[in-house]
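K.L.:
pasting a predicted model and its sequence here:
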Amino acid sequence: MPSILIQLDAPLLEALDRIAPAQKRQRAEFVRQAVKDAIRRREFEEIRKAYRLQPDAATDADDWSNAEAWNS
């Protein structure tokens, strides 16, 4: 797995160590998960923007008017 080097100021590092101590690689896992979450939020925001620019037409929607009548 490739590595990256980031610099944190002292207060940010202290806050990170309170949440995810460096022992047992908790800090690295916390940072990886935070990056994944940030990427996911950005992707969802881009999808939301795309739908606002070009929303689905009502004719493209599935008909759920008889969902209660469906038998398994």
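P.N.:
Perfect, I can see it now.
K.L.:
could you pull out the strands in this protein for me?
P.N.:
Secondary structure of the chain (DSSP state E): no strands present.
K.L.:
where do the helices sit along it?
P.N.:
10-19, 26-53 (DSSP state H).
K.L.:
so which of those comes closest to P2?
P.N.:
helix 26-53 (11.8 Å; CB to CB). The way it works is simple: take the backbone N, C-alpha and C, and place the C-beta from them, glycine included.
K.L.:
counting by contacts, list what the closest one packs against.
P.N.:
Judged by 3 or more CB pairs under 8 Å, 6 or more residues apart in numbering; DSSP states H and E, helix 26-53 is in contact with helix 10-19.
K.L.:
need the CA coordinates for the helix it packs on. CSV is fine.
P.N.:
Only the C-alpha atoms of helix 10-19 are listed here, as CSV (Å, rounded to 0.1, in the frame of the first residue of the first chain):
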residue,chain,number,x,y,z
ALA,A,10,0.0,20.5,17.3
PRO,A,11,-3.6,21.0,18.3
LEU,A,12,-4.9,18.9,15.4
LEU,A,13,-2.4,16.1,16.2
GLU,A,14,-3.4,16.2,19.9
ALA,A,15,-7.1,15.9,18.9
LEU,A,16,-6.4,13.0,16.6
ASP,A,17,-4.4,11.2,19.3
ARG,A,18,-7.3,11.6,21.7
ILE,A,19,-9.7,9.9,19.2
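K.L.:
re earlier: what's the closest of the helices of the chain to A67?
P.N.:
helix 26-53 (23.0 Å).
K.L.:
show the pLDDT at I39.
P.N.:
I39 carries a pLDDT value of 98.
K.L.:
oops, could you answer that again for E43 instead?
P.N.:
97.
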